[in-house]
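Novice: Quick one: sequence plus predicted model below, questions after.
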Amino acid sequence: MKLQEIKDFVKELRGLSQEELAKKENELKKELFDLRFQAAAGQLDQTARLNEVKKQIARVKTVQAETKE
């Protein structure tokens, strides 16, 4: 992801409620599971996508922590 895409993603996250953030986190975790499964089977072409999804999950968790306060 490019810097502007990251900023837009975080801006979008900050506009979501806690429930929507939890839903987004679950979607990303499911995608990460699927990507890991594909990688183990040798079918994953975009290996960088694994790291992107991990970082997106971390961003979602960070925004969740910010909004809980």
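Specialist: That came in fine, so what should we check first?
Novice: all helices of this structure, in order?
Specialist: 3-14, 18-41, 48-68 (DSSP state H).
Novice: And the residue nearest to the spatial centre of the chain, how close does it get to L32?
Specialist: What sits nearest the mean C-alpha location of the chain, by Cα atoms, centre = their mean, is Q56, with 2.9 Å. Separation of Q56 from L32 (Cβ to Cβ, to the nearest Å) stands at 9 Å. The C-beta positions use only the backbone N, C-alpha and C, and glycine is treated the same way.
Novice: how about a markdown table for the helices of the chain, with mean pLDDT added?
Specialist: Converted to a markdown table, these look like this (pLDDT from 0 to 100):
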| stretch | mean pLDDT |
| --- | --- |
| helix 3-14 | 93 |
| helix 18-41 | 96 |
| helix 48-68 | 95 |
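Novice: ok, the residue nearest to the centre of the chain - contacts?
Specialist: F9, L28 (Cβ atoms under 8 Å, 6 or more residues apart in numbering).
Novice: Ok, V63 next?
Specialist: V63 touches V10, L13, R14, L16, L21, counting by Cβ under 8 Å, 6+ apart.
Novice: does the fourth one really touch K24, like I thought?
Specialist: Yes: taking Cβ atoms under 8 Å as the definition, L16 is a contact partner of K24 at 6.8 Å.
Novice: Comparing the two, which shows the higher neighbour count?
Specialist: K24 (19 against 16; other Cβ atoms under 10 Å).
Novice: pretty sure the more buried one is touching V60, no?
Specialist: Yes: counting by Cβ under 8 Å, K24 touches V60, with 5.5 Å between them.
Novice: what's the overlap in contacts for these two?
Specialist: With Cβ under 8 Å, 6+ apart as the test, K24 and V60 both reach L13.
Novice: And E69, what's its pLDDT?
Specialist: The per-residue pLDDT reported for E69 equals 69.
Novice: next one: K2
Specialist: Looking at K2, its pLDDT is 89.
Novice: That one: what's it in contact with?
Specialist: So K2 contacts nothing (Cβ under 8 Å, 6+ apart).
Novice: Equivalent analysis for V60, please.
Specialist: L13, L21, K24, E25, L28.
Novice: again, but for L35
Specialist: Neighbours of L35 in contact, by Cβ under 8 Å, 6+ apart: L44, R49, L50, V53.
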